[in-house]
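1. Sharing a model prediction with you, sequence too.
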Amino acid sequence: QVQAVESGGGSVQAGGSLRLSCAASARINCEYDMSWYRQAPGKEREFVSIIARDGSTSYADSVKGRFTISQDGAKNTVYLQMNSLNPDDTAMYYCKAKCFVEWGSLDAWGQGTLVTVSS
């Protein structure tokens, strides 16, 4: 019932920037927590950033000061502005949309978008 679709990945040289987008949709009215995770080859998926329903944000220590999460006015599209990228940021980036309804919540993961940073 909830979907998340990412876009914006690509290849960039170290020091460059990329902006990822994630659009969430649902057949029901939702308030969303939207978050980004990433998974590098051979590693576990890790948290990157979240923007909650109330607009509060949080970041992994590894991206603080370089990445910025934001959302559109409708609060169903989230952006991840990634600056000062380095090869350690190379990963598949996944968006997670948590849809809150009266009776609980529903989670949806996007298909992932690949970010490759070359040195």
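-> Here it is on my side, so go on. Residues are numbered from 1 along each chain as shown.
2. how close does the residue lying closest to Val115 once chain neighbours are set aside get to Lys98?
-> In space, Val115 comes closest to Gly9 once its chain neighbours are excluded; the distance is 4.9 Å by CB to CB, 6 or more residues apart in numbering. The C-beta positions use only the backbone N, C-alpha and C, and glycine is treated the same way. Distance from Gly9 to Lys98, counting by CB to CB, to the nearest Å: 22 Å.
3. So what are the sheet partners of the longest strand along the chain and their directions?
-> As assigned by DSSP state E, the longest strand anywhere in the chain is strand 91-101. Its sheet considered, strand 91-101 pairs with strand 31-39 (antiparallel), strand 104-109 (antiparallel), strand 113-118 (antiparallel) by DSSP bridges.
4. same question for the first one, mean pLDDT?
-> In this case it means strand 31-39. Mean pLDDT, strand 31-39: 96.
5. For that strand, list the C-alpha coordinates in CSV.
-> The C-alpha trace of strand 31-39 is given here as CSV (Å, rounded to 0.1, in the frame of the first residue of the first chain):
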residue,chain,number,x,y,z
GLU,A,31,2.2,11.1,7.6
TYR,A,32,5.7,10.0,6.8
ASP,A,33,9.1,9.5,8.5
MET,A,34,11.5,9.3,5.5
SER,A,35,15.0,8.0,5.9
TRP,A,36,18.0,7.0,3.9
TYR,A,37,20.1,3.9,4.3
ARG,A,38,23.1,2.7,2.3
GLN,A,39,24.8,-0.6,1.7
